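S.K.: structure for the following, please:
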Amino acid sequence: MTVASAFAGMRSVAPVVFRAGCPDCRGRFELAAGALRLAIGATSRTTFYSFTCPECGASVRKPAGERVVELLTGGGVRTLRLHSTL
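M.R.: The predicted structure follows:
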């Protein structure tokens, strides 16, 4: 089997984009997975996603519930697991 025949039936996959908004400038836009970061902490208060607003340059940090975490991780967003020190 050649490489060409092995991949002959495959189609290209559209990149995942996420809709986001900036609380500072009120801009609404779409971001690729690479533009977002997800931090998963021990509690809902320490679990959030962040990005830089492409319109005004503000650093934006928003809480991430279970569903948002599911969507972001499934879409390929880089994830950082925060560990608590006791």
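S.K.: need the contact list for the residue most central in space within the chain.
M.R.: The central residue of the chain, meaning the one whose C-alpha is nearest the mean C-alpha position (Cα atoms, centre = their mean), is residue 77 at 3.7 Å. Residues in contact with residue 77 (Cβ atoms under 8 Å, 6 or more residues apart in numbering) are 18, 33, 36-38, 49. In this view, the C-beta of every residue, glycine as well, is placed from N, C-alpha and C.
S.K.: ok, the residues you listed vs residue 62, which is closest?
M.R.: residue 49 (5.9 Å; Cβ to Cβ).
S.K.: run a quick check on the closest one versus residue 38, I expect a contact.
M.R.: Yes: Residue 49 lies in contact with residue 38 (Cβ atoms under 8 Å); the separation is 4.8 Å.
S.K.: I'd like to know how far residue 81 sits from residue 42.
M.R.: The span separating residue 81 from residue 42 equals 10 Å under the rule Cβ to Cβ, to the nearest Å.
S.K.: no further queries at this time; thank you.
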